[in-house]
Structure formats: structure tokens, C-alpha cells
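> Pasted the sequence and its predicted model underneath.
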2 protein chains.
Amino acid sequence: MASSGPRSQRADWQRNHERLLAAARPLVARDGAQVSLEQVAREAGVGSATLHRHFPSRRALLDEVFREAVEHLRRRGDELVDGDPGAGLLTWLEELTVAAVETRGLTASLEADADGGPSSAADCHGVVREATVHLMDRALAAGAVRPGTSPDDLLALVTAISLANEGNPAAARRLLRLACDGVRP
Amino acid sequence: MASSGPRSQRADWQRNHERLLAAARPLVARDGAQVSLEQVAREAGVGSATLHRHFPSRRALLDEVFREAVEHLRRRGDELVDGDPGAGLLTWLEELTVAAVETRGLTASLEADADGGPSSAADCHGVVREATVHLMDRALAAGAVRPGTSPDDLLALVTAISLANEGNPAAARRLLRLACDGVRP
DNA sequence: CTACGATATGGGGTGCCACCCCGTTTGTCC
DNA sequence: GGACAAACGGGGTGGCACCCCATATCGTAG
């Protein structure tokens, strides 16, 4: 289960994998999800074919780039499970939104994949979804959330807001609050 | 005011303008906002330089493509002003969302422009914004909407939902309702 | 009806990109 | 150290947005 290092891959494979991720991180931070894959390969000192072999899709690259950040979010989710269920869920949604909006490209990895499968090994969407489901279960049981609300819908709402407000935490926060409070008084 | 036809342009300019829009309409319907501008020009039987001269930005092309559709929406907004303020606003938001999600590329024209100015003559965002403001004023006065809610935020929420759910009216509707009702019971 | 100047055109260039083919290099294991 | 699988990467293909500038077309003044 704990695939800390793919032992079955050749040494140069691991080396290049690291180099690609190291090159990708600052470029993704600057350019977001639309980062030029060619440039990542160039910066890593690696042929573009190699990049495409290591990461069959843009999403696969982003998912690995954001592995740590998402792991961090997951741990934060675990912490919030210990507090008030209603407040915990809202705090989680807000912190999730802010992280997504402040970290260029992250939203792309949090979105539900159009294809069904958990394509990537570092499935960012899956990890965040699980944490959300957990927090929602508690909030639902405590009656802090309208019954019938789906965690997937809630997550879709957060990613939609994040996607449309990349780099603008204030606006994203405002829209999230609006959505949580509802339009009617 | 009524700029039905730019009289100051040469005849061939108008002819090519029409051809470009006629070519763009089906292609945008198929490919959405990411339509290839080269292909539009090719299909219109026009050099790509001409397309770029007629439409200095992708947004400018989309805005003209959706002029009629947005005009239609605006009229629908006028109708809704005559009914119940609260229900009218919610109906408006829902119809707006469904139209945006079902009409590929439309959301791009409804989004607030990153740049400040009303860049395009056929300012789709502006038209829809005005209708939204009007309906919100009435709903606020009737106490059907939480005070302090901004029409721009509401519109941003609708476009965010639409952008992330292009081609999926059911999901978009669900998220909109979720946002209108709020998360808490 | 003609000639002329402003207006508009478009072929082709530049620089970028994703993605892939296939001959070559590099690890690895015996 | 040798053989074989695994990995690599230069370079090709096809596509795109956007622009330059020599050429063609339009509308009008005479």
C-alpha cells in the first residue's frame, strides 16, 4: 500500500521522475495548470518524450506535484474531525477553497475527473473527497447540514468557485460564504 | 445608440464579418470557447489575419456569436420582473445557469472580464448583469434575499457553476439549488 | 466612367505547443 | 563482462495564435 518509492523502476527512471517534479513545481506555481509541459521537460534537462512517458496526462503530473499539499490538507481534515461538526465542515470548506485558490493549478487536481477511474496513483481528488465525506457524515449526524446534501456536490461547488477565482482568495471566500448561507434570508 | 449595422465599414468588411460569424456559430456550438480561430477563418473562407482584425480577442468573437442568445435572455429577464420578486430572481438564476451550461462557450461571455472595461460592443456580461441587478433590487426590496448580497457575487457564482459543469445541466441545477438554499438547514 | 487613395485582404512567417516514432544508450542481473 | 529489457531523447508531425507587408478591392470625387 505505502508506495513511498516504486522499487520496481530503474534508478534513472526515479532520478528523472524527481527531476521532472522538481522542475515542474516552480513552473506550476508560476503558470498554474496551463504550464507548458515542453518547458518542464526542458528545465528538467530531459527529453519531452520522457516527460510524456512518466506522466501520460497533464493531470497525472499535477496530481504528483500537489501530493504533499493535499496530504497536508488531509491531515488538517483529520484535526477538524475532533471539533464541532458543523463548524468543522465549514472551516474545512473554507480552508480548502483558500488553499485551492492560492496554490496555482491545485484546483485542477481537486476537480472530479471527467473519466470515471482513479487514473493517478496520487489521486488528489480522491483524498480530499474522502476527508469531505468524513466531515459531512459527522455534520449530517449532528443535524448541522441540510439532509440530502451530497459531499460530491459540495466539493464540486468548492472546485467551481476555486476554478473561477484562481488567485483571488477574497472573492472565493465571499462566494463560498454566500453559497453556505444561501441566498434567501 | 442603435448600432444595428456599422454603416461606416466597407461592404466587404460587413460581408466577411457575417461570414466569420456564420462559420463560428456551428464551430463554437461544437467546440465551445476553445474553438480554433484558425478553423473559423478557414471555414469562413477568409485569411486568419482578417479574423484577428475583425475580432481582436477570442472574447470579442464569442460576445458577437452570443449576442442574440443573450438578447433573448435579457427579454426573459424583463418578463420575470412582472412576477413575484423572490421567485423571479431564483427562476432567472436557474434559467441563466441552464442556458449557460447548454450553450457551449456561452459562459465565457457571461463571465466578468478580467480587464475592467466593457471591451466589446456586444457586451454579453454587461447585459446579463444589468438584468440581474434589476431583479435583485426588487428581491431585496421585497425581503426575499439576504441583505448585503451583491449581484456581482451572485453572477460570479452562476458563472463559476456553469463553467465547471458545461454540458451537464442536471449537475449545474443541483449545485445552483444547493447554493441558493445554503448548506445549513 | 475613370482614376485614386483609403481600406481591407491573405499568404506566409514566427514561435509556440502536445504528442509520437524509432534508433541509441543505460541499467541490471546472471 | 555480456545480454537483454528498460529507459531515453532527437527530431518529426500537425496544430495553434498572432503578425507583417505586398496586393487587391471599394467608394468616391472629378
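That came in fine, so what should we check first?
> measure the residue positioned nearest the centre of chain A to DNA strand D for me?
Nearest to the mean C-alpha position of chain A, counting by Cα atoms, centre = their mean, stands A:L110 at 3.5 Å. Separation of A:L110 from DNA strand D (Cβ to the nearest atom of the strand, to the nearest Å): 27 Å. Every residue, glycine included, has its C-beta placed from N, CA and C.
> For DNA strand D, what is the nearest residue in chain A?
Ranking the residues of chain A by distance to DNA strand D (Cβ to the nearest atom of the strand) places A:G47 first, at 2.3 Å.
> From DNA strand C, how far off is the residue nearest to that residue when sequence neighbours are not counted?
Taking Cβ to Cβ, 6 or more residues apart in numbering or on different chains as the measure, A:G47 lies nearest to A:A41, with 6.5 Å between them; neighbours along the chain are not counted. For A:A41, the distance to DNA strand C under the criterion Cβ to the nearest atom of the strand works out to 8 Å.
> cool, A:E68 as well?
Using Cβ to the nearest atom of the strand, one obtains 23 Å as the distance from A:E68 to DNA strand C.
> next one: A:S36
Shown here: A:S36 relative to DNA strand C, a distance of 3 Å by Cβ to the nearest atom of the strand.
> Check A:V101 too.
Using Cβ to the nearest atom of the strand, A:V101 is found at 23 Å from DNA strand C.
> before we move on, what about A:A22?
Relative to DNA strand C, A:A22 is positioned 18 Å away (criterion: Cβ to the nearest atom of the strand).
> what about the one helix or strand that residue maps to and chain B, any contact?
According to DSSP states H and E, A:A22 maps onto helix A:11-31. No - for helix A:11-31 and chain B, the contact criterion (Cβ under 8 Å from any Cβ of the partner chain) is not met; the two come no nearer than 16.0 Å.
> how about that helix, does it reach DNA strand D?
Yes - Helix A:11-31 lies within reach of DNA strand D by Cβ under 7 Å from any atom of the strand, at A:12-13, A:16.
> Just among those residues, which is most surrounded?
Taking other Cβ atoms under 10 Å in any protein chain shown as the neighbour criterion, A:N16 ranks highest of the residues of helix A:11-31 next to DNA strand D with 21 neighbours.
> While we're on the residue of chain A found nearest chain B, how confident is the model there?
As assessed by Cβ to the nearest Cβ, chain B sits closest to A:G182 within chain A, at 2.5 Å. Predicted confidence (pLDDT) for A:G182: 90.
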